[in-house]
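In: Just need the structure, nothing else, for what follows:
(chains A and B)
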Amino acid sequence: KQEVTQIPAALSVPEGENLVLNCSFTDSAIYNLQWFRQDPGKGLTSLLLIQSSQREQTSGRLNASLDKSSGRSTLYIAASQPGDSATYLCAVLLINAGGTSYGKLTFGQGTILTVHP
Amino acid sequence: DGGITQSPKYLFRKEGQNVTLSCEQNLNHDAMYWYRQDPGQGLRLIYYSQIVNDFQKGDIAEGYSVSREKKESFPLTVTSAQKNPTAFYLCASSILPSGGFDNEQFFGPGTRLTVL
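Out: Prediction:
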């Protein structure tokens, strides 16, 4: 059974710091990996999606990497801002026997990020 | 304005009642999903549907039921058999997961259900 773990559970940093959020998964047979942001009481906003054949994706100040063989992904946030404060979730999409996917995401428990001025 | 809508935003239920949560999408996505989120936990899959009139159980389907009569709608009923229904419920959709597509999932704003 796929298990996804995120470290650290919570992180508090001063504004301007570069930071790294970690995600690990137990089964490397994934279709893709997605990073999400969730603000309190809100739905999830997709940040980055990395296909299993890719090594990294970038969007603005965000960079996500994927090492499928070791079961790890990192989300790098450059020059953090107070507006980045939120919970960050990673999720992996499982691959099925046919090489496609049923679309079932398995989520980590999230990292609560606080960026203080 | 494309997206996923969920209603209501807040829902209160008395013990023993069934309640239905609405999820509508105008993204023309084939696949739709229901997740449950509890404090301090990641999301867990309740049900998913890849096509109209077809759906499959997720990891925690007991006490829930769904229907998929229209492509754009995937309502979730929380029945009285669900022992601990108080949670935040999230609906998502994606294009049909298959080779060549990245199957990015998009989420609605959520419904918070509280049992009184």
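In: For beta bridges, what are the partners of residue A:7?
Out: Beta-bridge pairing of residue A:7 under DSSP bridges involves residue A:22.
In: Would you agree it is in contact with residue A:73?
Out: No: Residue A:7 is beyond contact range of residue A:73, at 11.6 Å (criterion: Cβ atoms under 8 Å). Heads up, the C-betas are built off the backbone N, CA and C, glycines and all.
In: quick one, which of those two is more surrounded?
Out: residue A:73 (27 against 12; other Cβ atoms under 10 Å in any protein chain shown).
In: And the more buried one, how far from residue A:82?
Out: 25 Å (Cβ to Cβ, to the nearest Å).
In: Bridged to the residue in chain A positioned nearest to chain B, which residues?
Out: Across chain A, the shortest distance to chain B (Cβ to the nearest Cβ) belongs to residue A:107, at 3.5 Å. For residue A:107, the beta-bridge partners are residue A:91 (DSSP bridges).
In: Could you give the number of residues near it?
Out: For residue A:107, the tally of surrounding residues (other Cβ under 10 Å) stands at 22.
In: ok, now which ones touch it?
Out: Listed by Cβ atoms under 8 Å, 6 or more residues apart in numbering or on different chains, the contact partners of residue A:107 are A:4, A:89-91, B:35, B:42-44.
In: out of the residues you listed, which is most surrounded?
Out: Going by other Cβ under 10 Å, residue A:90 tops the contacts of residue A:107 with 31 neighbours.
In: Would you list the phi and psi of residue A:82?
Out: phi -50, psi -30 (degrees, to the nearest 10).
In: Count the neighbours of it for me.
Out: When neighbours are defined as other Cβ under 10 Å, residue A:82 has 11 of them.
In: Please apply the same query to residue B:86.
Out: Neighbourhood size, residue B:86 [other Cβ under 10 Å]: 14.
In: one step back: how close does the residue of chain A closest to chain B get to residue A:19?
Out: Counting by Cβ to Cβ, the gap from residue A:107 to residue A:19 is 21 Å.
In: For chain A, list the residues in contact with chain B, please.
Out: A:4, A:31-32, A:34, A:36, A:41-46, A:49, A:51, A:89, A:91, A:93, A:99-105, A:107-110 (Cβ under 8 Å from any Cβ of the partner chain).
In: taking the residues you listed one by one, which sit in helices?
Out: When DSSP state H defines the helices, the subset of those inside them is empty.
In: For ChimeraX, write the select line for the buried members of those residues.
Out: In ChimeraX, a selection of the buried entries from those looks like this (16 or more other Cβ atoms under 10 Å in any protein chain shown):
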select /A:4,31,32,34,36,43,44,49,89,91,93,100,101,102,103,104,105,107,108,109,110
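In: For chain A, give me the ranges with low pLDDT.
Out: Within chain A, the segments meeting pLDDT under 70 span A:96-102.
In: Tell me which stretches of it form strands.
Out: A:4-7, A:10-14, A:19-25, A:30-38, A:44-51, A:56-59, A:62-67, A:72-77, A:86-94, A:105-107, A:111-116 (DSSP state E).
In: TSV for those, including distance to residue B:55?
Out: Shown next, in TSV, are the strands of chain A (distance: least, Cβ to Cβ, whole Å):
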stretch	distance to residue B:55
strand A:4-7	24
strand A:10-14	36
strand A:19-25	26
strand A:30-38	20
strand A:44-51	21
strand A:56-59	31
strand A:62-67	30
strand A:72-77	30
strand A:86-94	18
strand A:105-107	16
strand A:111-116	32
